[in-house]
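**Q** only geometry, no sequence info:
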Ligand SMILES: CC(C)(COP(=O)(O)OP(=O)(O)OC[C@H]1O[C@@H](n2cnc3c(N)ncnc32)[C@H](O)[C@@H]1OP(=O)(O)O)[C@@H](O)C(=O)NCCC(=O)NCCS
């Protein structure tokens, strides 16, 4: 079993497993249409749906087998402001997919960048990953900017490649290799944590 030593701390944030007590904070963003706008299969959640989501995320505290998702709550003094996740896509290829969702009230300050940086740092050290990639809807500009800010390469723009809310949608793929990540970190980027 692979799991970080909790909590992971950055300059402004604490990353740790989700707990049932996080329900109010998680529901505060999961209920918002603007948060789920570009997320595949996601709709604004009722409180009961958020309760189920929190219960599921609370179990995602480690990687036990390929396919597992590690989900961490991102907390400030104001409570949980979002979650970051790392899905173990391939054991053989030491590859994971990164994901993130944050409350818009806490956007625009680099907090998502800081949290994802810490998680990816951990992926490349603790999990000894070779490659981390992320995908987003072609119109999810905030997500694409975040991955670019992290130093991830835009590797693909798949045209009209998947069904999204009843129509064909473009998908962007960003990725970074371990050596690229550490070279950039040594140079001061993406975010000093
Ligand atoms: C994707 C998402 C996390 C991005 O949020 P965000 O607020 O843009 O990201 P950050 O918290 O890292 O803030 C970055 C912004 O703050 C600014 N900023 C201010 N201080 C900063 C700092 N110290 N470091 C980095 N950026 C900083 C940046 O310039 C950037 O603004 P810009 O994008 O207008 O240039 C957010 O939009 C979200 O949760 N969306 C809904 C869920 C979603 O779509 N998830 C992705 C599915 S693929």
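**A** Ah, there it is. Just so you know, these numbers come straight off a predicted model, no measurement behind them.
**Q** And the helices in the chain?
**A** Secondary structure of the chain by DSSP state H: the helices cover 23-30, 33-36, 47-58, 111-125, 141-149, 178-186.
**Q** Same question for the third one: list its buried residues.
**A** I take that to be helix 47-58. 50, 53, 54, 57, 58 (16 or more other CB atoms under 10 Å). Where you see a C-beta, it was placed from the backbone N, CA and C, and this is true even at glycine.
**Q** Closest one to residue 139 out of the residues you listed, please.
**A** Residue 139 lies nearest to residue 53 out of these, by CB to CB, at 24.2 Å.
**Q** Let me see the contact set for that closest one.
**A** The neighbours of residue 53, taking CB atoms under 8 Å, 6 or more residues apart in numbering as the test, are 26, 30, 45.
**Q** What of residue 162?
**A** Applying CB under 8 Å, 6+ apart, the residues contacting residue 162 are 40, 168, 169, 171.
**Q** Check the residues you listed and tell me the two furthest apart.
**A** Farthest apart among those - using CB to CB - are 40 and 168, which lie 12.9 Å from each other.
**Q** And the pLDDT at whichever residue of the chain sits closest to the ligand?
**A** Residue nearest to the ligand within the chain (CB to the nearest ligand atom): residue 110, separated by 2.3 Å. Note on residue 110: pLDDT of 98.
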